[in-house]
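Undergrad: Just to be clear, the model below is a prediction. Sequence and coordinates:
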2 protein chains.
Amino acid sequence: MSKTVLVLGGDGFCGWPTSLHLSALGHEVVIVDNFVRRRIAEQLEAPSLTPIASIDERLNTWKDVSGHDIDIVELDIAQDYPELRRLLASVRPDAIVHFAEQRAAPYSMRDAAHKAYTVDNNINGTHNVLAAIAELGLDAHLIHLGTMGVYGYVGDGREIPEGYLDVTVDGPDGARHSRRILYPTKPGSIYHLTKSMDQLMFQFYAGNDRLPITDLHQGIVWGTQTEETRLEPALINRFDYDGDYGTVLNRFLMQAAAGRPLTVHGTGGQTRAFINIQDTVRCIALALDNPPAAGDPVRIINQVAETRRVRDLAELVSELTGAEIEYVDNPRSEAAENDLTVSNATLTGLGLEPILLRDELLTETVDIALRFIDRANLDTIPATALWSGQAEREVPQLQAPRFALR
Amino acid sequence: MSKTVLVLGGDGFCGWPTSLHLSALGHEVVIVDNFVRRRIAEQLEAPSLTPIASIDERLNTWKDVSGHDIDIVELDIAQDYPELRRLLASVRPDAIVHFAEQRAAPYSMRDAAHKAYTVDNNINGTHNVLAAIAELGLDAHLIHLGTMGVYGYVGDGREIPEGYLDVTVDGPDGARHSRRILYPTKPGSIYHLTKSMDQLMFQFYAGNDRLPITDLHQGIVWGTQTEETRLEPALINRFDYDGDYGTVLNRFLMQAAAGRPLTVHGTGGQTRAFINIQDTVRCIALALDNPPAAGDPVRIINQVAETRRVRDLAELVSELTGAEIEYVDNPRSEAAENDLTVSNATLTGLGLEPILLRDELLTETVDIALRFIDRANLDTIPATALWSGQAEREVPQLQAPRFALR
């Protein structure tokens, strides 16, 4: 059944392929974006490795290829509540997919201005969406992209369930009482902190205003292309490899493509959850088809295909490319080694057959790195943000968008 | 030992008597305030029952009475990070007492604009303070006023501990694992939601940046005067009785003073935690003298003297004044009846002997209501904010300060 779907942050790395996929499935898609991700890339002098077309060219190309229209609205949802409200009142979407948060942990830790920008943008943006749906009395399903990272990576070795944990409390009378709680979070960066705070806002609005909300706790996304972005060069998805926005696999691939060693932070014993971008868009479509009922608790789904150690990832890339591996100091405050197992029962129960890192899509991603290596600014690969506020910074301080762009 | 203490929100109901008390104890006090509470009172046409002097007159009078200087800095900590940073770098306080949050649950629920204002002000303000302390590497103890209300009022009848809960989780192997978690919150308003989100920010900065933080989960404050505010009329504390900022006892007292019935919401079976304003300032002084060490978990203390049902409170006031009691519909989404017991072991362990509602200070509060009843705008007593977004509003919508005052 065709739905009207607002995709907040629909010009970004996950938002763009999601918008195309939902459009290809026959949904009416409206992208809302303030294009801050493009401006941040300019400030960092770290453009996407792949050449990204303008939003107009992207949408015109999509119209030519698919016959489908996607509307675009330029709007900062964190700073302009009245305009967001007007938009929602006019579009009255069946669903809102919310990617419009600052999504890089290292960027959120650069300095106080970047911390403040991340908190201001992510919290006010998410709250504005919730408040507007409630104020207008819209029957709209909110689908939010959260992260597995909210839980931190120091667990007790047991599988992380989907959002909730059943615990027992020993009373002074010796009796044991059971309760279901939100799985306790231990965010490791300001970015992860905001996602953890988002969860409390979702709980509140799901309870007080009976909003149907799905929170997808996503793993680290790898890969670049999806079925739709592959159709034309102007539809290509972004590929980030810098120390702020590039996730670990892309940075290894770029180092390999440049003939450099793969730099592994610490022992590389950090275990993380991963998912391919093609599965991200499939999961969003599955969530869209399966909304919780009004009055239900927030539906929390782990959007994860597999877990891997960072050094195993380096070895995979090394096997494919012949690159050497180099171990360097870790800029983050985190455990050197951790185990991580994650339940993904909901999505596999809905029919998802996840793409794994051994699959051929890893080869495609290697090919993209090699194809565009001449466009790369290799100086941006090392991570520069330090997790400790006391440390001396050798990198120049950037102005966060809040201060630079308004 | 004399300390330099910044009191954020030091012109408000709790902040003002705290500033005087710490000054009387010999601490160097600097008040930081944007005076938004005074402007909100004007917008609501609900001035303090007691005549509040200007901040200059307050401070000059205090200087005359005590011989102590208190500095005042006008600053919006949520909106002006650079100026906050400059202030902290120049004062380099030993402690920061943080009252600078929008503190009325009904006000936070008026409409979407007031929700957004409360989130924006409380979250950005608190985060800016944390980020500035971390960025400057200050050795400053942050003392924050939280609320017992974050836990909601649907418990399992057992005592609410101080911040943390020891739980066990049953593993699939049949083994039981123990962990200590933040006591799960269930905020009942946007105001309470922000206090619950604050907790996550405190956890993060206490861990990542080793900031020493005390979070005082306060009950509903009653009473008006303290040892210091009683000294001169120009030092008198504010007394709020309107449907937004007036807490339940003050509203009962005003109804009694006006010869009206005391309006109890629902059955009056709601049990709440209470503390006298004199004990609030004593507790802050105790927290100031007992900072956690850098690297310690956030110290969470329940700042509570006793728990009472709302209808028992009405009966107390009725006994003192002869007023009748009237039961009316409850505008909040909450349980009609609840039990509540709260541990206050830390503060009583530090020597606090709490003032109880039966004590003579209740009579003083009745006297204040009677003394100033001619100044009252009795139309503001009923609560007008509705917890459900779908309901028709009959009250005019107010502009929240974010939109009206910038």
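TA: Right, received. Where do you want to start?
Undergrad: Only C-alpha atoms from now on, for both contacts and neighbour counts.
TA: Fine.
Undergrad: From B:His127, how far out is the residue in the stretch 201-350 of chain A that chain B sits nearest to?
TA: Here the stretch 201-350 of chain A gets closest to chain B at one residue, A:Asp209, 6.5 Å apart by Cα to the nearest Cα. To B:His127, A:Asp209 is 27 Å away according to Cα to Cα, to the nearest Å.
Undergrad: Out of these two, name the residue with the larger neighbour count.
TA: Taking other Cα atoms under 10 Å in any protein chain shown, A:Asp209 and B:His127 do not tie; B:His127 has more neighbours (24 against 21).
Undergrad: Please report phi then psi for the residue of the stretch 201-350 of chain A closest to chain B.
TA: phi -110, psi 0 (degrees, to the nearest 10).
Undergrad: What of the one 5 residues further on?
TA: The phi/psi pair for A:Thr214 (degrees, to the nearest 10) reads phi -120, psi 130.
Undergrad: if I read this right, the residue of the stretch 201-350 of chain A closest to chain B contacts B:Ile190, doesn't it?
TA: No - judged on Cα atoms under 8 Å, A:Asp209 makes no contact with B:Ile190 at a distance of 11.7 Å.
Undergrad: Check chain A for its longest helix and report it.
TA: For chain A, the longest helix by residue count, based on DSSP state H, is helix A:112-136.
Undergrad: Next SSE downstream of that helix?
TA: strand A:141-147 (DSSP states H and E).
Undergrad: C-terminal to that next one, what's the next element?
TA: Using DSSP H and E, the helix or strand that directly follows strand A:141-147 along the chain is strand A:164-170.
Undergrad: what pairs with the helix or strand just after that next one, and is each one parallel or antiparallel?
TA: Reading on from strand A:164-170 to the C-terminus, the next helix or strand found by DSSP H and E is strand A:176-182. Using DSSP bridges, the strands paired with strand A:176-182 are strand A:164-170 (antiparallel).
Undergrad: Dump the strand it pairs with to PDB, restricted to CA.
TA: Coordinates of the C-alpha atoms in strand A:164-170 are reproduced here as PDB (Å, rounded to 0.1, in the frame of the first residue of the first chain):
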ATOM      1  CA  TYR A 164      14.200  -3.800  26.700                       C
ATOM      2  CA  LEU A 165      15.600  -5.900  29.500                       C
ATOM      3  CA  ASP A 166      13.800  -8.000  32.000                       C
ATOM      4  CA  VAL A 167      15.300  -7.700  35.400                       C
ATOM      5  CA  THR A 168      14.500  -8.700  39.000                       C
ATOM      6  CA  VAL A 169      15.000  -6.600  42.100                       C
ATOM      7  CA  ASP A 170      15.500  -8.100  45.500                       C
END
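Undergrad: mind listing what's buried in that strand?
TA: Within strand A:164-170, the residues that count as buried by 16 or more other Cα atoms under 10 Å in any protein chain shown are A:165, A:167-169.
Undergrad: give me the low-pLDDT residue ranges for the stretch 51-200 of chain A?
TA: A:154-156, A:172 (pLDDT under 70).
Undergrad: ok, which residues in the stretch 201-350 of chain A are in contact with chain B?
TA: Taking Cα under 8 Å from any Cα of the partner chain as the contact definition, the stretch 201-350 of chain A meets chain B at A:201, A:204, A:208-209, A:333.
Undergrad: can you pick the most crowded of those residues?
TA: That'd be A:Phe204 among those, by other Cα under 10 Å, with 23 neighbours.
Undergrad: Please tell me how far that one sits from B:Arg85.
TA: Distance of A:Phe204 to B:Arg85, given as Cα to Cα: 32 Å.
Undergrad: Quick one: neighbours of A:Gly157, just the number.
TA: Using other Cα under 10 Å: A:Gly157 sits among 11 other residues.
Undergrad: what's the closest non-adjacent residue to it?
TA: Nearest residue to A:Gly157 in three dimensions, chain neighbours excluded: A:Asp339, at 5.9 Å (Cα to Cα, 6 or more residues apart in numbering or on different chains).
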